[in-house]
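> Got a predicted model here, sequence first, then my questions.
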Amino acid sequence: MTKRTPPFSPEVRERAVRMVLEHQGEHSSPYAAIRSIAAKIGCSGETLRNWVRQAECDQGVRAGPRAEERERIKALERENRELRQANEILRKASAYFAQAELDRRFRS
């Protein structure tokens, strides 16, 4: 699995979120502001909405995990998945060698 680089730099994301928060009063709804700014920077409205939500979580305005917490959760889930795979391999190897030992005893 290759790591994909995001098409927008963190600076562009921060600037877009800041623009949305600054210009919300000029639009009929928060999503109208998001669509307007998204069209200007060349991303989808949904992408920018997700950036705004994450920024609000990071600032404590909205409930939810912060970016650092999300990264830590992802790392722990990855480690957990790898450990489960290793345990499955060890379980199968143990069963294989136990069966081989039983076969050897009966042949003697």
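That came in fine, so what should we check first?

> mind giving me the domain ranges of the chain?
7-64, 67-108 (automatic domain parsing).

> so how far does the first one reach from one end to the other?
Which is domain 7-64. 25 Å (CA to CA, to the nearest Å).

> from the chain's centre, how far out does it sit?
18 Å (CA atoms, centre = their mean, to the nearest Å).

> Dump the domains of the chain to a markdown table, plus mean pLDDT and mean neighbour count.
The way it works is simple: take the backbone N, C-alpha and C, and place the C-beta from them, glycine included. Converted to a markdown table, those look like this (pLDDT from 0 to 100; neighbours: other CB atoms under 10 Å):
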| stretch | mean pLDDT | mean neighbour count |
| --- | --- | --- |
| domain 7-64 | 88 | 15 |
| domain 67-108 | 89 | 10 |
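
> which residues in the protein form helices?
Under the criterion DSSP state H, the chain carries helices at the ranges 10-23, 30-41, 45-59, 67-107.

> how far off helix 45-59 does the last one point, in degrees?
Per axes from the mean of the first three to the mean of the last three CA atoms, to 10 degrees, the angle that helix 67-107 makes with helix 45-59 is 100 degrees.
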